[in-house]
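Participant: what's the 3D shape of this:
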Amino acid sequence: MSIFKPTDAEYHPFYKNYIDQLPNEDLISILKDLKVEFVGFLKNLKKEDLTYNYAEGKWTVAQSLQHLIDTERIFQYRALTIARADLTPLPGFDQDAYVPVSKAEKRTLPGFIKEFEAVRDAGIALFESFDEEMFSKVSEASKSHLSPKAAGFILAGHQKHHLALFKSHYGL
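Facilitator: Take a look at the predicted model:
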């Protein structure tokens, strides 16, 4: 089964930019391809790159990597909850509150790579387990509508967005 882009009714307009960056191709293929691309990018970083931030008050590379991993987990949980027809409204998360307590600056590059691969692989397996009915369910997350399909595409677009920032703003 191939899963293609969600409709605008399946997600909050904030995420449109993430989804629009992606081709209208199968979600699983996109997630797998982006995993390979991102891990390749990470393997070319140096240890000292993790502490770099491009401006005062902006996240370091390490903090951005932890943010990506945290976001993967949160959106996977949202997708699972909605796919299982749990209609409990899901809360938002304050990404700026997560960063300082993540202690990302104490992490290593191999640790980030290992965790990202594990979390992405878990997400791919999760999305592969859904059928069309599960993907099409819509419920509430962060006081807005969300489908499991949209959650998967948001993850992919979010990763692509941060990879572009690493290149354009961080010079990596």
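Participant: Would you map the strands across the chain?
Facilitator: 139-141, 144-146 (DSSP state E).
Participant: Let me have those strands in JSON lines, extended by mean neighbour count, distance to residue 91 and mean pLDDT.
Facilitator: For glycine as for every other residue, the C-beta is placed from the backbone atoms N, C-alpha and C. Shown next, in JSON lines, are the strands of the chain (neighbours: other Cβ atoms under 10 Å; distance: least, Cβ to Cβ, whole Å; pLDDT from 0 to 100):
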{"stretch": "strand 139-141", "mean neighbour count": "19", "distance to residue 91": "8", "mean pLDDT": "96"}
{"stretch": "strand 144-146", "mean neighbour count": "18", "distance to residue 91": "12", "mean pLDDT": "97"}
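Participant: Closest to the centroid, which residue in this structure?
Facilitator: The chain has residue 155 as the residue nearest its centroid, 3.2 Å off, counting by Cα atoms, centre = their mean.
Participant: What separation do you get for it and residue 71?
Facilitator: Distance, residue 155 to residue 71, using Cβ to Cβ, to the nearest Å: 7 Å.
Participant: Residue 89 too?
Facilitator: 19 Å.
Participant: Now for residue 15, how many residues are close by?
Facilitator: For residue 15, the tally of surrounding residues (other Cβ atoms under 10 Å) stands at 21.
Participant: can you check residue 114 too?
Facilitator: So residue 114, with other Cβ under 10 Å, has 12 neighbours.
Participant: What pLDDT is listed against it?
Facilitator: With respect to pLDDT, residue 114 has a value of 98.
Participant: Also residue 87?
Facilitator: For residue 87, the model assigns a pLDDT of 88.
Participant: so what's it up against?
Facilitator: 139, 140 (Cβ atoms under 8 Å, 6 or more residues apart in numbering).
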